[in-house]
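Student: let me see the structure of the following:
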Amino acid sequence: MLQDFNLLTTQFVTLWAVLEPISHLSLFLATTSEMTTKQRHKVAVLCCFFAFLILTFFIVAGRALLDAMGISVLSFQIAGGLVLFMYATSMIFSEPHNPPAIEVGSDKHIASLAVYPLAIPIIAGPGAILSVVILADNNRHVLEHQAVTIAVVAILMAILVVLFWLGDYVIKVIGSSGANLIRRIMGLVLAALSVDIVLSALSHWLNLPHI
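Tutor: All right, here's what the predicted structure looks like:
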């Protein structure tokens, strides 16, 4: 029992550090700043649900899938970093859309936004996916331990939903101009993070000192 509790605690702390829920709140607000409260709440639930499905898939079959396709973990990390960088540049340089454009086909727009970029690569990004792959691979033959990892991910996604819903009050305080400013600042931070992901993979591959 104590061993299971220690495993749960260790994985929770590890994934909390990787997922960084507070940082994701800023990114969520930046991405959904022009939406209505109802739309933002729907996106919050959907993106966390999709992220949970993605991370659960990689917990169960991630390492086996990469091995079957002959893809190294470092290659996956670099690819994820590049995708994240492309989205970060769009946050920095693109102009916000007008609110009426969001209303047209809003359900389709909300689902699309929840999948990309919120579920992946922001929440279930390269770091989170690699972390769950490693945690699952360490115990890949013990289903109980994999179940613990899935439970930890579910708890963290529930926490994210609550934080995203509370973020609606932040939007009311800072307004559209403040949200646009946050969007560009977080885009710059996200670009730096994506570069760090790629450089970390390259330094590990080339046996260079960690940056």
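
Student: pretty sure residue 130 is in contact with residue 78, am I right?
Tutor: No - the pair residue 130 / residue 78 is not scored as a contact, 11.2 Å apart, by Cβ atoms under 8 Å. (Each C-beta comes from the backbone N, C-alpha and C, glycine too.)

Student: okay, residue 69: pLDDT?
Tutor: In this model, residue 69 is scored at 87, pLDDT.

Student: residue 99 too?
Tutor: Looking at residue 99, its pLDDT is 42.

Student: can you name the next helix or strand after the helix or strand containing residue 53?
Tutor: Residue 53 is part of helix 37-68, with elements assigned from DSSP states H and E. Toward the C-terminus, helix 37-68 is succeeded by helix 73-93 as the next helix or strand (DSSP H and E).

Student: buried set for that next one?
Tutor: Neighbour-count burial for helix 73-93 flags 73, 76-81, 83-85, 87-88, 91 (criterion: 16 or more other Cβ atoms under 10 Å).

Student: ditto for stretch 163-172
Tutor: In stretch 163-172, counting by 16+ other Cβ under 10 Å, buried: 163-164, 167-168, 171.

Student: what sits up against stretch 67-82?
Tutor: Residues outside stretch 67-82 that contact it (Cβ atoms under 8 Å, 6 or more residues apart in numbering) are 66, 121, 125-126, 129-130, 133, 194-198, 200-202, 204-205.

Student: swap the cut-off to 7 Å and go again
Tutor: 66, 121, 125-126, 130, 194, 197-198, 201, 204-205 (Cβ atoms under 7 Å, 6 or more residues apart in numbering).

Student: mind putting those in CSV, secondary structure, neighbour count and pLDDT included?
Tutor: Shown next, in CSV, are those (DSSP: H, G, I helix; E, B strand; the rest coil; neighbours: other Cβ atoms under 10 Å; pLDDT from 0 to 100):
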residue, secondary structure, neighbour count, pLDDT
66, helix, 17, 79
121, helix, 27, 82
125, coil, 27, 83
126, helix, 26, 78
130, helix, 20, 80
194, helix, 23, 80
197, helix, 23, 78
198, helix, 19, 86
201, helix, 22, 83
204, helix, 13, 83
205, helix, 13, 84
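
Student: low pLDDT regions in this protein?
Tutor: Applying pLDDT under 70 to the chain flags residues 1-5, 94-106, 137-142, 171, 175-176, 179, 210-211.

Student: residue nearest the middle of it, spatially speaking?
Tutor: Among the residues of the chain, the one closest to the centroid is residue 123, at 1.1 Å (Cα atoms, centre = their mean).

Student: residue 52 is in contact with that one, correct?
Tutor: No - in this structure, residue 123 is not within contact of residue 52 by Cβ atoms under 7 Å, at 8.9 Å.

Student: circling back to that earlier point, next up, the contacts around the residue nearest to the centre of the chain.
Tutor: Going by Cβ under 7 Å, 6+ apart, residue 123 touches 19, 24, 47-48, 51, 160.
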